[in-house]
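*Asks:* Pasted the sequence and its predicted model underneath.
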Amino acid sequence: ELVAGCEPGVPLHGGTGSVAAGPGELAGALAQARYALTSARATAPDASVLTDTATLTSLEALLTGVPAEVRAAYRRTVLGSLLNGERAASAVLLSTLETFLACDGSWARTAEALHLHVNTVHYRMQRVEHFTGRDLSRLSDRLDLWAALLCR
């Protein structure tokens, strides 16, 4: 904060990793610090921020350290033709998918949250499965889709 205060118009970013117990751990600590720096730049490009790898405790936080180009490629690969379809229809499916995953895969809670009949939710999720090639009954596929949504 003190350094950032000297030049308020210039955003400063920093990253820290774990303490290296010896010379053999320096490379790992440096890699962690660089990852945290990338996360700091992605999280707050216009503000000064210092990020420690110890604060990257969620998937969303972890993904902030992945370069934007890699996140975009992952999103395109996982969501596939769902992103290339008709914009309005794709937006509805993506919104329904996001709500479904946020509701922990509960058909009833998703239907309630979106003010839809549960059969409509089932139909939309079948379309998502078709376009992505993923099976929403599998945890690993749900995690892949959730990560792809977070990569926006």
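*Replies:* Thanks, I have the structure now.
*Asks:* only C-alpha atoms for contact and neighbour calcs from this point on.
*Replies:* Will do.
*Asks:* buried residues in the helix ranked longest in the chain?
*Replies:* Secondary structure of the chain read by DSSP state H shows that its longest helix is helix 26-43. For helix 26-43, a neighbour-count test (16 or more other CA atoms under 10 Å) marks 29-30, 32-42 as buried.
*Asks:* Save these as CSV, and put in pLDDT too.
*Replies:* Shown next, in CSV, are those (pLDDT from 0 to 100):
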residue, pLDDT
Ala29, 93
Leu30, 94
Gln32, 92
Ala33, 94
Arg34, 92
Tyr35, 90
Ala36, 93
Leu37, 93
Thr38, 91
Ser39, 90
Ala40, 91
Arg41, 90
Ala42, 89
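*Asks:* elements contacting the helix or strand just after the longest helix of the chain?
*Replies:* Sequence-wise, the next helix or strand downstream of helix 26-43 (DSSP states H and E) is strand 49-52. Contacts defined by 3 or more CA pairs under 8 Å, 6 or more residues apart in numbering; DSSP states H and E place strand 49-52 against strand 13-16, helix 26-43.
*Asks:* Below-threshold pLDDT in the chain: ranges please.
*Replies:* 1, 4, 85 (pLDDT under 70).
*Asks:* let's see 50
*Replies:* Within the chain, no range satisfies pLDDT under 50.
*Asks:* Do a quick rundown of the helices in it.
*Replies:* 2-6, 26-43, 59-63, 68-79, 87-102, 107-114, 118-132, 139-150.
*Asks:* how far does the longest one sit from the chain's center?
*Replies:* How far helix 26-43 lies from its chain's middle: 17 Å, per CA atoms, centre = their mean, to the nearest Å.
*Asks:* Between helix 68-79 and it, find me the angle.
*Replies:* 80 degrees (axes from the mean of the first three to the mean of the last three CA atoms, to 10 degrees).
*Asks:* mind saving the C-alpha coords of helix 26-43 as PDB?
*Replies:* Presented in PDB, the C-alpha positions along helix 26-43 are these (Å, rounded to 0.1, in the frame of the first residue of the first chain):
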ATOM      1  CA  LEU A  26      13.700 -22.000  -4.700                       C
ATOM      2  CA  ALA A  27      12.500 -23.000  -8.100                       C
ATOM      3  CA  GLY A  28       9.200 -24.100  -6.800                       C
ATOM      4  CA  ALA A  29       8.700 -21.000  -4.600                       C
ATOM      5  CA  LEU A  30       9.600 -18.800  -7.700                       C
ATOM      6  CA  ALA A  31       7.100 -20.700  -9.800                       C
ATOM      7  CA  GLN A  32       4.400 -20.100  -7.200                       C
ATOM      8  CA  ALA A  33       5.200 -16.400  -6.900                       C
ATOM      9  CA  ARG A  34       5.000 -16.000 -10.700                       C
ATOM     10  CA  TYR A  35       1.700 -17.800 -10.800                       C
ATOM     11  CA  ALA A  36       0.400 -15.500  -8.000                       C
ATOM     12  CA  LEU A  37       1.600 -12.500  -9.900                       C
ATOM     13  CA  THR A  38      -0.300 -13.600 -13.000                       C
ATOM     14  CA  SER A  39      -3.400 -14.100 -10.800                       C
ATOM     15  CA  ALA A  40      -2.900 -10.600  -9.400                       C
ATOM     16  CA  ARG A  41      -2.700  -9.000 -12.800                       C
ATOM     17  CA  ALA A  42      -5.800 -10.900 -14.100                       C
ATOM     18  CA  THR A  43      -7.800 -10.200 -11.000                       C
END
